[in-house]
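Novice: Next input, structure requested:
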Amino acid sequence: MSTAIHTADLGPGEVNLFVPPDWFDLMADGTDREATRARCADLVRLTYPNTPFERREEFTSGLLYCYDRFLADGVVMYGVITTPLPSTGTQAVWQVYGGVVAVPERPAEMDLGKLLAQVFDQQFAKKMAYIEKFPTDMGLGFGFISQPPVLVPRDWEGDPGTEMRTGLAGVLSCPPDGGRGLLVIGTCLDPDQVRELAGLVAVIAGRSVFASRASSE
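Specialist: As a prediction, this is how the structure comes out:
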C-alpha cells in the first residue's frame, strides 16, 4: 500500500485505531525496529513453544522482513487472524492492512475505483464487485467486497498457473471535507468468508479516527 506520493502534502498526524483488544499489530512500535523484533520473537515463542530456537528465529526474521516492507510503503497497521470462526467453525486465515491516503475535497462525489487505482494500480478497480456508502466516526465510509481470482504459485499444490478465488474487502473512512482518509484492506484465502472479513474491516475503519489534523508544513 504505497501511499507516500499521495499523502506527502498532508503533514504529520495521529490515528486512533479501533481494533480488537488482543490484536497483534506488527506496526504498533512505529519505527522502533528492536522493539518490534522483541515483540515478534515473543509471539513466535508463545505460538511455537516446541519448535527449535533456530527455526523460531527464521519465523521472527520473516515477520521483520514484512515489517520493513510495510514501514517503507506507509502502512500504519498490519494484523493477521488465524482462528476458527464462531459462525461456522471453519479456520480463518485473514490479513488486514491499514494506511493513510489522500482524498478529494468532496469525498461524497468520489470515484472509489479511481482512488484505489491511484493507490494500487489500474487493475485493482476491476476487482470490486459490491460497493456501499455508510456513516463512520470520521464522517463518511466507502466499502467494497469482492472474490477475485489469483494465480497459484508454482510451489503450491496443483498445476502451475491454476487460479483460485480469494476474498477481498476494504473500507475508506474520511471526514466529510476530505483531506486524508484511512484505507483498511482485508484479504482471506476462503472466498466464502469475505462478508465476515468485511464486517471486521468495516468496524476497524468505521470506528478509527484521526487524533489531529496537522497542517502542512
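
Novice: Let's verify Pro21: helix, strand, or coil?
Specialist: Secondary structure for Pro21, judged by DSSP: H, G, I helix; E, B strand; the rest coil, is coil.

Novice: what about it, neighbour count?
Specialist: 4 (other Cβ atoms under 10 Å). Yep, even glycine has a C-beta here, placed from its N, CA and C like the rest.

Novice: The residue most central in space within the chain: which element?
Specialist: A centroid search over the chain (Cα atoms, centre = their mean) returns Tyr97, at 1.3 Å, as the residue closest to the centre. Using DSSP states H and E, Tyr97 sits within strand 91-103.

Novice: So which elements touch that strand?
Specialist: Judged by 3 or more Cβ pairs under 8 Å, 6 or more residues apart in numbering; DSSP states H and E, strand 91-103 is in contact with helix 4-7, strand 75-84, helix 112-119, strand 167-174, strand 179-188, helix 194-207.

Novice: Dump it to PDB, keeping only the CA atoms.
Specialist: The C-alpha trace of strand 91-103 is given here as PDB (Å, rounded to 0.1, in the frame of the first residue of the first chain):
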ATOM      1  CA  GLN A  91     -10.500 -21.700  10.100                       C
ATOM      2  CA  ALA A  92     -10.000 -18.100   9.200                       C
ATOM      3  CA  VAL A  93      -6.700 -17.000   7.600                       C
ATOM      4  CA  TRP A  94      -7.100 -13.300   7.200                       C
ATOM      5  CA  GLN A  95      -4.700 -10.400   6.800                       C
ATOM      6  CA  VAL A  96      -5.700  -6.800   7.500                       C
ATOM      7  CA  TYR A  97      -3.700  -3.700   6.400                       C
ATOM      8  CA  GLY A  98      -4.300   0.000   7.000                       C
ATOM      9  CA  GLY A  99      -2.800   3.100   5.600                       C
ATOM     10  CA  VAL A 100      -3.500   6.800   5.100                       C
ATOM     11  CA  VAL A 101      -4.400   8.100   1.700                       C
ATOM     12  CA  ALA A 102      -5.300  11.500   0.300                       C
ATOM     13  CA  VAL A 103      -9.000  12.000  -0.700                       C
END
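
Novice: The top helix by length along the chain versus strand 91-103: what angle between them?
Specialist: For the chain, the helix that runs over the most residues, judged by DSSP state H, is helix 53-72. Relative orientation of helix 53-72 versus strand 91-103 (axes from the mean of the first three to the mean of the last three Cα atoms, to 10 degrees): 30 degrees.

Novice: Understood, closing this out.
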